[in-house]
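Undergrad: show me the folded form of this:
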Amino acid sequence: MIRLPRFCLLAALGFIVPVLPVVAQPSPPEPPAKVIPPDPVWYADLEALTFVGGETTLPYRLLKPAQIEEGKRYPLILFLHGAGEVGTDNKKQLGNSVGEIIKRASAKEPFFLLAPQSRGWWVGVPWNLDSHVMPEKTTPSMAATIKLLAEVGKSYPIDSNRIYVTGLSMGGLGTWDILSRLPDTFAAAVPVCGAADTAQAEKIKHIPIWTFHGDNDTVVKTHRSRDMVAALRKAGAHPIYSELPKVGHGAWGPAYNNFYLYDWLFAQTKAR
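TA: The predicted structure follows:
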């Protein structure tokens with residue numbers, strides 16, 4: 001059992017360990033989708049919708065607070081799925097961790113959750129590289145997600161100072177990527193076993209970040225998170241980094257089941 005320390009201690013305990021030489025793989029392996037029963041009970045709370053805009057249509061799910069009080073605005077969590085959930089069925093993106101996020105976050109306060117389903121990669125680079133430069137152009141699915149996020153923000157009582165983004169694996173890359181493209185949008189971010197362009201650290205150093213990675217991950221290499229955390233700290237930021245011992249490419253289980261994560265997340269507010 002992995003026991004994570006309270007979030008208030010993590011900054012003090014975070015560390016970057018030496019990186020061992022790694023042999024690059026010729027092409028990125030694609031993690032399999034998690035097998036889930038058809039339409040679990042909590043699916044009913046997530047409205048199935050389709051966004052039409054830009055180069056592609058984007059299936060997505062939207063969770064709303066059970067009761068919306070007049071005049072009140074609510075936080076929103078944008079969730080970006082992994083490679084195994086790519087498709088158009090508007091279901092697979094819910095297979096990894098969305099249920100855990102809803103369960104844990106709902107215990108804290110009402111919120112909106114936006115879960116788009118990508119038709120391809122969130123970021124136009126393989127996730128098994130030792131490093132990458134952020135592409136100048138977004139992928140069609142990321143471009144549509146950016147437009148969708150703006151549309152949802154206008155259509156519902158969303159607190160624009162409490163918009164958060166998280167994603168796992170391929171969605172972890174997407175989390176870092178969208179932060180760099182929208183550095184004034186998010187109040188906080190939780191990239192899980194992701195990878196980023198370290199040159200973007202200066203641009204996002206003001207955003208509170210808690211990132212997770214397994215220390216035995218060979219799909220998205222562990223040093224990718226270490227490198228980004230080091231770059232952020234060099235830029236003057238104070239990200240929280242939880243490197244999970246004896247965990248491979250599955251850091252999202254411990255990450256999204258960490259009760260303290262949601263205390264930390266909902267406490268973050270974008271500077272006005």
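Undergrad: so which helix or strand takes in the residue in the chain sticking out farthest from the centre?
TA: The C-alpha centroid of the chain is most remote from residue 70, which lies 29.6 Å away (Cα atoms, centre = their mean). Following DSSP states H and E, one finds residue 70 outside all helices and strands.
Undergrad: dihedrals phi and psi, it?
TA: phi -60, psi 130 (degrees, to the nearest 10).
Undergrad: separation between it and residue 80?
TA: According to Cβ to Cβ, to the nearest Å, residue 70 and residue 80 sit 31 Å apart. All C-beta atoms are positioned from the backbone trio N, CA, C, and that covers glycine.
Undergrad: got it, and residue 182?
TA: Taking Cβ to Cβ as the measure, residue 182 falls 13 Å from residue 80.
Undergrad: residue 43 now?
TA: Taken as Cβ to Cβ, the span from residue 43 to residue 80 is 19 Å.
Undergrad: so for those two, which residue has more residues nearby?
TA: Just comparing residue 43 and residue 80: by other Cβ atoms under 10 Å the higher neighbour count belongs to residue 80, 32 against 16.
Undergrad: residues touching that one, list them.
TA: 116, 118, 122, 145, 165-168, 170-172, 174-175, 178 (Cβ atoms under 8 Å, 6 or more residues apart in numbering).
Undergrad: make it 10 Å
TA: Taking Cβ atoms under 10 Å, 6 or more residues apart in numbering, we find residue 80 in contact with 93, 114-118, 122-123, 141-142, 145, 165-175, 177-178, 191-192, 194.
Undergrad: now swap in residue 201 and tell me
TA: Residue 201 touches 176, 180, 227-237, 239, counting by Cβ under 10 Å, 6+ apart.
Undergrad: state the pLDDT value of it.
TA: Turning to residue 201, the model gives it a pLDDT of 98.
Undergrad: ok, now the one 4 residues further on?
TA: Residue 205 is assigned 97 on the pLDDT scale.
Undergrad: kindly report the same for the one 4 residues further on.
TA: You'll see residue 209 listed with a pLDDT of 98.
Undergrad: which residues in the stretch 51-200 of the chain form strands?
TA: With strands called from DSSP state E, counting those that start in this stretch, the stretch 51-200 of the chain shows them at 56-63, 74-80, 112-116, 158-168, 188-192.
Undergrad: burial of residue 203, as a residue count?
TA: 15.
Undergrad: in stretch 91-106, which residues are buried?
TA: Residues 91-99, 101-102, 104-106 are the ones in stretch 91-106 that count as buried (16 or more other Cβ atoms under 10 Å).
Undergrad: hang on, I meant stretch 66-73
TA: Residues of stretch 66-73 classed as buried: none (neighbour count, 16+ other Cβ under 10 Å).
Undergrad: hmm, back to that, overlap in contacts of residue 182 and residue 80?
TA: By the contact definition Cβ under 10 Å, 6+ apart, residue 182 and residue 80 are jointly contacted by residue 165.
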